[in-house]
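Participant: Just a sequence and a predicted model for now, questions to come.
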There are 2 protein chains.
Amino acid sequence: MNVCTNTIKDIARLAEVSHSTVSRALRNSPLVKAETAERIRRIVEEFGYRPSAIARSLATRRTKTIGVVVTTIADLFVAGVVTGIEDVASDHGYSVFLANSNADPDREVRVVASFEERRVDGVVVTASRVGALYLPMLSRMRVPIVLLNNQHPSEFAHSVMIENTAASREATRHLVELGHRRVAYLGDRYGQHCDTERFGGYRQALDVAGLPFLPQLVVHGDGRPASGRQAMARLLELAEPPTAVFCYDDMMALGALRQIHACGLRVPDDISVVGFDDLPIAEYTEPPLTTVRQPMRQMGHLAMQTLLLLLEGSESKHNIKVPGELIIRETTAPPNDRRQILKSA
Amino acid sequence: MNVCTNTIKDIARLAEVSHSTVSRALRNSPLVKAETAERIRRIVEEFGYRPSAIARSLATRRTKTIGVVVTTIADLFVAGVVTGIEDVASDHGYSVFLANSNADPDREVRVVASFEERRVDGVVVTASRVGALYLPMLSRMRVPIVLLNNQHPSEFAHSVMIENTAASREATRHLVELGHRRVAYLGDRYGQHCDTERFGGYRQALDVAGLPFLPQLVVHGDGRPASGRQAMARLLELAEPPTAVFCYDDMMALGALRQIHACGLRVPDDISVVGFDDLPIAEYTEPPLTTVRQPMRQMGHLAMQTLLLLLEGSESKHNIKVPGELIIRETTAPPNDRRQILKSA
DNA sequence: AGGATTATTGCACGCGTGTGCACGATTTCT
DNA sequence: AGAAATCGTGCACACGCGTGCAATAATCCT
């Protein structure tokens, strides 16, 4: 009921005990008599007193706070992961500071500075594209760091990663098994770690199937739909366009679909498309997108659980790999020529 | 270079001044001599000292921290808004605590409790569906609150809202002007404030055009694509289905599109669809979605700017309305019968 | 030159909580 | 009954920083 900024001392006065006793009662210390604790808790309840996490942090030297840095939260993959992180953080009494870096170096240093000043207990970096100077800055602050699908593997930190190579291999194999022989790879920015791994899986599947690798079937975008569309346009201008495209992620697959349709071609009749992520919208593209599911939320859970382990003093190196799962929907089918053969058979 | 947890006193010792002088130098107080301040700043730089925001907060009784509560961050509208909030928060030295409520009452009270304990300076509530007891809880903590597109208007708080009625009226008018006479409304949960407003705009446009209001053309979902699909299915089962649908938001429009296509109908040839939000994916649906643009990021900016005003002591009531903008893409066209007429003419 | 003013700096306390230690009260044991 | 052990509580200090006030040093004025 009361509205003033009560302190622990106000409660102590009301309960006619010392503030130490109130503090102990609220922390469920076995040192205080049960009935005293009960009386204190009633008063706390009645006056709506909330202990100051600020003062507590100063005294305990732990803030029960973590910093989460993302390039942008306006990305369904990132948002899914952050949801997972927040789930378990909240369950364990941690609050999360969210910071967008926008892949802007200036903002990166500001983010690190703010996390450092706020004395976060740990940090999760999600799907960062950021450069070499960034992680050392973060690691300088001597708190545990967990990287999630990071583009720059680092010795400073622990990590949660999707099984890029295996998942990509399976996705590509799916296309190959449908009969495709000209399978394109529509990648993210060249040189990014995840891109390299996914590309590797694509190559492996080609090799296993004994298909030749055709460099002209490899194009790159920047992760946004528009870039996927442009990259797809380049593929369609080829003298011999691919009959199937494996895309780095769903958003670029979205752009690819758009371009294919804009050219008057049909999916999957004329060309098959596979994405990566299984964003909530993948089920609602036209037609519904075949893609590799990343358990985004669960990956967030794992990242935060790892951080909790580290906060409890775990010394071991945590490098978790989670498997992707191929979700077959309706953007994939046998290629045109192959269907002809099947029909005539 | 140093790794220890330096305090202001360590710096003071190194600079051979008192900690007060260091404190003032770092806050750019005019009270310290320029060269002294310079020397101190060099030492601070050299040792990589970062003042503790915790201790500072305790002393100044301001945390330079705000709480942002969302039902879920895994929603492109919400994510856009949060991006905007974080933009200007960061520019003004504020850090943001992000909390997902998941529209779960238990989590709601936990969120409020954590914001309260952490002594956030202000709160932004985004697109909340939450109930009546929630806002009073928040307002109890006596910090400024800004609501963004909230479903429960409240006298406790300031707000930033989209011009729901006007925008919906224009969207519906667009359909009517194309010649549609059977225009459906695919709404969010019944009774939500935004839904009521958008429905109101729809009704107004009908009235202005002199079209009859047909209750059977009004259906409701829950904001998710799946619900949009189900609602659309109900419309298509009607003896006389609508020739156009105005959807509460893009995600349900996505579900509607899916159902229309699944029934073998074509957009916009057989039926027109309009969304609301202009999410980044709206440009990439099949066909690209006609929709009402909400300047999500800018709305986030406005919300945070309003909060800053309030934090500076503004006493006035802030209720900002921002206009929507109809973005005409390719899901809208004259109805079939009308096209026939136009052709024969 | 000497007092008045101003520019710098340091002292000491407060912000709200946690906790080691000491002390008194109560219980247990011989 | 007296000593020992246990229990419950309060005192006092620490956490790292900001700031009012006093003190000192530098500068100005007549």
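Facilitator: Great, that's in hand. Numbering: from 1, shown residues only, chains lettered A, B, ... in the order given.
Participant: Name the residues of chain A found near DNA strand D, please.
Facilitator: Of all the residues in chain A, those in contact range of DNA strand D (C-beta under 7 Å from any atom of the strand) are A:16-21, A:24, A:30-34, A:36, A:55, A:58-59, A:61. Backbone N, C-alpha and C define where each C-beta goes, glycine included.
Participant: Poorly predicted segments of chain A, please.
Facilitator: In the predicted model of chain A, residues A:1-5, A:130-132, A:338-345 satisfy pLDDT under 70.
Participant: try 80 this time
Facilitator: A:1-5, A:127-135, A:151-156, A:337-345 (pLDDT under 80).
Participant: where do the helices sit along it?
Facilitator: Under the criterion DSSP state H, chain A contains helices at A:8-15, A:19-26, A:34-47, A:53-60, A:76-91, A:105-117, A:134-140, A:164-177, A:193-209, A:225-236, A:250-262, A:296-311, A:336-344.
Participant: The fifth one packs against which elements?
Facilitator: Okay, so that is helix A:76-91. Taking 3 or more C-beta pairs under 8 Å, 6 or more residues apart in numbering or on different chains; DSSP states H and E as contact, the helices and strands that helix A:76-91 lies on are strand A:65-70, strand A:95-100, strand A:122-126, helix A:296-311, helix B:76-91, strand B:95-100, helix B:105-117.
Participant: if we go to 7 Å?
Facilitator: Applying 3 or more C-beta pairs under 7 Å, 6 or more residues apart in numbering or on different chains; DSSP states H and E, we find helix A:76-91 packed against strand A:65-70, strand A:95-100, strand A:122-126, helix A:296-311, strand B:95-100.
Participant: How about the first one and DNA strand C, any contact?
Facilitator: No: applying C-beta under 7 Å from any atom of the strand, one finds that strand A:65-70 is not in contact with DNA strand C, the shortest distance being 14.9 Å.
Participant: What strands line up against that strand, and which way round?
Facilitator: Within its sheet, strand A:65-70 is paired with strand A:95-100 (parallel), strand A:122-126 (parallel), according to DSSP bridges.
Participant: Any chance of TSV for those strands, columns mean neighbour count?
Facilitator: TSV is the format used below for these (neighbours: other C-beta atoms under 10 Å in any protein chain shown):
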stretch	mean neighbour count
strand A:95-100	23
strand A:122-126	26
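Participant: Please tabulate those strands in JSON lines, including the columns distance to A:E46.
Facilitator: Below are those laid out as JSON lines (distance: least, C-beta to C-beta, whole Å):
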{"stretch": "strand A:95-100", "distance to A:E46": "26"}
{"stretch": "strand A:122-126", "distance to A:E46": "36"}
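Participant: Provide a list of residues in contact with the residue in the stretch 151-300 of chain A that chain B sits nearest to.
Facilitator: Of all residues in the stretch 151-300 of chain A, the one sitting closest to chain B is A:E286 (3.5 Å; C-beta to the nearest C-beta). Counting by C-beta atoms under 7 Å, 6 or more residues apart in numbering or on different chains, A:E286 makes contact with B:L257, B:H261, B:E286.
Participant: Run a quick neighbour tally on the first one.
Facilitator: Put plainly, it is B:L257. Counted by other C-beta atoms under 10 Å in any protein chain shown, the residues lying close to B:L257 total 29.
Participant: do the same with A:E197
Facilitator: Around A:E197 there are 18 other residues, counting by other C-beta under 10 Å.
Participant: Just give the nearest non-adjacent residue to it, would you?
Facilitator: For A:E197, the nearest residue in space outside its immediate sequence neighbours is A:N164; the separation is 3.5 Å by C-beta to C-beta, 6 or more residues apart in numbering or on different chains.
Participant: what's near enough to touch the one you found?
Facilitator: A:C194, A:E197, A:R198, A:G201.
Participant: do you know how far whichever residue of the stretch 151-300 of chain A sits closest to DNA strand D is from A:A103?
Facilitator: The minimum distance from the stretch 151-300 of chain A to DNA strand D, using C-beta to the nearest atom of the strand, falls at A:F156 (23.7 Å). To A:A103, A:F156 is 19 Å away according to C-beta to C-beta, to the nearest Å.
Participant: Would you map out the domains in chain A?
Facilitator: Chain A is divided into the following domains under automatic domain parsing: A:8-51, A:63-162+A:296-322, A:164-294+A:327-344.
Participant: if I pick the closest residue in space to A:H318 that isn't next to it in sequence, what's in contact with it?
Facilitator: In space, not counting the residues next to it along the chain, A:H318 is nearest to A:H158; the distance is 4.0 Å by C-beta to C-beta, 6+ apart. With contacts defined as C-beta under 7 Å, 6+ apart, the neighbours of A:H158 are A:I145, A:V146, A:T306, A:L310, A:K317, A:H318, A:N319.
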